[in-house]
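*Asks:* structural data only, the sequence is not supplied:
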């Protein structure tokens, strides 16, 4: 047993452990939103996620990679890559279809376009995941993909899993790329993720958030 990880017992099916993982991620983002200092919130995010990747039974890391101390590789914190953006509503846009393998199809409807990311060379589309409950979804690609970050892009918002930094006092969406994270499918074939569509690509490199160096299949 990894001595850095306390014993964890789940009296139920694997689904309960997965529910605990999601509960912890929800709690983490709530704590980040409550932290006034953005850099301190990012440090908490990185430390907590690293510990969960090392210790939690639902970690996407292969078990052989969890020995010893594990820190998720990240770019240095860059306060200039935190944005508060306005949203221009989109109507009538065709939804995207994602094939999630055994989990079935997923449909995501474009609902808004950001206004405020001009320094990165483009704006991004914000999606609403259709189905029970729904949730906002903001995947993106940038010039670091395959050269320091995962080739299939990263996620900035996935509200179904609680990954959402919320709004500022003026009602603008917080897009802090220091919190960009790698989808689970990067770590093994046991996961199938909705990867960012090519049209949601920033031409500038976003050297913030999680890094990813290992070669991995682009599961779709």
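*Replies:* Structure's in. What do you need? Predicted model, so just to flag it, every value in this text is computed and none were measured.

*Asks:* which strands and helices sit next to the lowest-mean-pLDDT helix or strand in the chain?
*Replies:* Lowest mean confidence among the helices and strands of the chain (mean pLDDT, DSSP states H and E): strand 96-99, at a mean of 80. Applying 3 or more CB pairs under 8 Å, 6 or more residues apart in numbering; DSSP states H and E, one finds that strand 96-99 contacts strand 105-115. Heads up, the C-betas are built off the backbone N, CA and C, glycines and all.

*Asks:* what angle separates the helix or strand following the strand it packs on from strand 105-115?
*Replies:* Downstream of strand 105-115, the first helix or strand assigned by DSSP states H and E is strand 125-129. Here strand 125-129 runs at an angle of 150 degrees relative to strand 105-115 (axes from the mean of the first three to the mean of the last three CA atoms, to 10 degrees).

*Asks:* distance from strand 125-129 to the middle of the chain?
*Replies:* On the basis of CA atoms, centre = their mean, to the nearest Å, strand 125-129 sits 14 Å off its chain's mean C-alpha point.

*Asks:* could you pull out the buried residues of it?
*Replies:* 125-129 (16 or more other CB atoms under 10 Å).

*Asks:* I'd like the residues you listed laid out as a markdown table, including pLDDT and distance to residue 62.
*Replies:* Below are these laid out as a markdown table (pLDDT from 0 to 100; distance: CB to CB, whole Å):
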| residue | pLDDT | distance to residue 62 |
| --- | --- | --- |
| 125 | 97 | 33 |
| 126 | 97 | 32 |
| 127 | 95 | 30 |
| 128 | 94 | 33 |
| 129 | 89 | 28 |
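
*Asks:* and which of those residues is nearest residue 55?
*Replies:* Nearest to residue 55 among these is residue 129, at 28.6 Å by CB to CB.

*Asks:* right, and that closest one touches residue 137 too?
*Replies:* Yes: if you go by CB atoms under 8 Å, residue 129 and residue 137 touch, sitting 5.2 Å apart.

*Asks:* can you count the residues close to the nearest residue to residue 124 once chain neighbours are set aside?
*Replies:* With sequence-adjacent residues excluded and distances taken as CB to CB, 6 or more residues apart in numbering, residue 124 is closest to residue 114, at 4.9 Å. A count of neighbours around residue 114, defined by other CB atoms under 10 Å, yields 21.

*Asks:* bridged to residue 114, which residues?
*Replies:* Judged by DSSP bridges, the bridge partners of residue 114 are residue 87.

*Asks:* that one: what's it in contact with?
*Replies:* Going by CB atoms under 8 Å, 6 or more residues apart in numbering, residue 114 touches 85-88, 123-126, 173, 175.

*Asks:* could you check how far it is from residue 41?
*Replies:* Computed as CB to CB, to the nearest Å, the residue 114 to residue 41 distance reads 21 Å.
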